[in-house]
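In: make a model of this:
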Amino acid sequence: MRFMPKPLRSNALTSIVLVAATLLCASVCSAAKGDTATVRRIGQLHGVVATAISKQIRLKPLDQQHATPILVQGSTLAQASESEKQEIKATYRAGHAIVVLDATMAHIKALHRIVEEGVSYRSKDTGSVLAYTLRRDVFTPTCVLLTEVDRSPLQTALGDPEPTAIDDEEMALRRVADRTLAELTHAPNVGVPGPHDPNGTVDWLSAPIQTCTFALNSPQGVYNTLINVYALHRCLDGTDHYAVTAQADWTATNAKWQGATSEGSNPTMTQDNNGNLVIDWQDNRTYCSSPGFFPDYEDVCRYVNYPLSYNLTMTPLNEGTVVQLNAAPSATQGQQTTYTSGFSFSITGLVNVSAMGPGGGLSAGATWSNTTQTTVPALIVDVSNTGNQGVDWTFKYCTTGLEPDAGTNCTSHVQMVEDVCKAQLGDDSGTNPQQGQTPVGKFSNAIQSARWASTVRSGSTFDIEVAFKANTASTISHLNNGTSNGVPDPAQSCNTFGCACTSTTTNTPVAKSFTFQVPYPSTVCTQ
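Out: Below is the predicted model of the structure:
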């Protein structure tokens, strides 16, 4: 007899949070007790994140001590008084976090105007974010952008969210709250001023104009991308130079096996009165095998919330002469587990670096070296150039199998039931899914870099669009053989002569793009 686990139970956190989100956080924050972080607020707070963290911090009205972080709604920031702006600037320069909740791109731009440092953004697909954090870390403007939590693609036959989808969305919201709390409790690290030798050569890699983590806490997983932006002006020929590096930390935290069956007196797969399939998914692989010939029950199996591939593009948008000088990884590579990325170069002659701290300002030249070898899961790396001297990288999971992706000999979707289904659907050996497609695996430490030179200034900023996409998937196999007249499961993967199964994979991209609006570097070329 096969083990029948208890049905999934949905956590009620989402409904609680969404109801409470309309309340003013200040009215409940007095409940915070014990060794909690002290955070100053400007105005009233509300929304999902404020409610989720309200009992984990001690809120107090804004004072002029700039000794603790500041929490503010985006709409309030837009109406901040001059004294409040001065305190925000002083707090930022002291190394404490400024956290803006429910921030639009306009709110983010306003914050950078107040602190007079860093890079603003625009986005073609993101109107607002759940939270935006900005702090000074060793002279560098450092930000974390927490995007809205998208809806899970897992739905019932009637189009309603599945219990698994509700749980996944709640988990993503908890991660947003945890990351916001971590930023509010981050210890200041402003750095100690060091000597700057204008006659020496600057390590340009150590002097970004801004570093920012774009954090997508998705129902399908965690997709963090750390971006560093660099700018300098070369006096010798009047060229502007820009560079961007991206480091991935992408994890399929919510990937899992699930199955269901029509077997027994309490089946987990049934039909309702209208003939719609109702599946109470169980978190196991118990039902990932064929019932065999002529059974009186049916099974269904799936693997959900896992990545097929990752994609990253960097594209300069300004009109005029833009030349791509370096990009790494620089060439398409076959399937492998290690690859070399990064590059080394030097810029001779006087340069003016856009950065705070000892790396900024005039130097006799600049050097750069970030060549590294990275270990990754078994991936195919495809590299190509895109419009206006941009670069495009795709990292694709690839295994062998009997259902290759169209036009390739690569199977990027998870395979599930080897012995029954002729190796089209995999096995339990641990080799499938790949490590990076499981909750304990990740695609990380992979660095992409690009560098450009420009001789024409158009508009008020040099704009670089960075777009990232995780092609996430769910693969399902219906393991009935057609002998029970389609009841309860009308989908047929096998037949009465055996089980030559096929799987169905649904691809749901998790994607965002942001355009860095980089101020032009100073053209001052005299000491």
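In: just give me the residue closest to the centre of this protein.
Out: Tyr223 (2.6 Å; C-alpha atoms, centre = their mean).
In: contacts only, for that one.
Out: Ala215, Leu216, Trp250, Thr251, Phe468, Ala470, Val510 (C-beta atoms under 8 Å, 6 or more residues apart in numbering). Yep, even glycine has a C-beta here, placed from its N, CA and C like the rest.
In: what does Ala90 give?
Out: Contact analysis of Ala90 by C-beta under 8 Å, 6+ apart lists Gln64, His66.
In: is it fair to say it lies in a strand?
Out: No. Assigned with DSSP: H, G, I helix; E, B strand; the rest coil, Ala90 falls outside any strand and is helix.
In: against Arg40, how distant is it?
Out: 12 Å (C-beta to C-beta, to the nearest Å).
In: where in the stretch 401-527 of the chain is pLDDT low?
Out: Residues of the stretch 401-527 of the chain that meet the criterion pLDDT under 70 lie in 401-402, 416-432, 481-486, 493-502.
In: the same query, at a cut-off of 90, please.
Out: 401-436, 440-446, 458-459, 476-505, 526-527 (pLDDT under 90).
In: for it, just list every one of the strands.
Out: Listed in chain order, the strands of the stretch 401-527 of the chain (DSSP state E, counting those that start in this stretch) span 442-454, 461-478, 504-519.
In: can you list the ones you listed in CSV and add mean neighbour count and distance to Leu173?
Out: As requested, the strands of the stretch 401-527 of the chain are arranged in CSV below (neighbours: other C-beta atoms under 10 Å; distance: least, C-beta to C-beta, whole Å):
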stretch, mean neighbour count, distance to Leu173
strand 442-454, 22, 21
strand 461-478, 22, 18
strand 504-519, 19, 15
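In: and Ala37, what does it touch?
Out: Contacts of Ala37 (C-beta under 8 Å, 6+ apart): Gln56, Ile57, Arg58, Thr68, Pro69, Leu181, Leu184, Thr185.
In: nearest spatial neighbour of it, chain-adjacent residues omitted?
Out: With C-beta to C-beta, 6 or more residues apart in numbering as the criterion, Ala37 has its nearest non-adjacent residue at 4.7 Å, and that residue is Thr185.
In: that neighbour and Asp249, how far apart?
Out: Per C-beta to C-beta, Thr185 is found 20 Å from Asp249.
In: how near is Asn409 to Gly334?
Out: Per C-beta to C-beta, Asn409 is found 11 Å from Gly334.
In: angle of the longest helix along the chain against strand 461-478?
Out: Among the segments of the chain that qualify as a helix by DSSP state H, the longest is helix 163-184. Going by axes from the mean of the first three to the mean of the last three C-alpha atoms, to 10 degrees, helix 163-184 is angled at 150 degrees with respect to strand 461-478.
In: which strands and helices lie in contact with helix 163-184?
Out: helix 13-20, strand 37-42, helix 48-53, strand 98-104, strand 128-137, strand 140-147, strand 210-218 (3 or more C-beta pairs under 8 Å, 6 or more residues apart in numbering; DSSP states H and E).
In: right, and the ones you listed - which one's nearest Gln73?
Out: The closest of these to Gln73 is strand 98-104. By C-beta to C-beta, the value is 5.3 Å.
In: paired strands for that closest one, with orientation please.
Out: strand 70-73 (parallel), strand 128-137 (antiparallel) (DSSP bridges).
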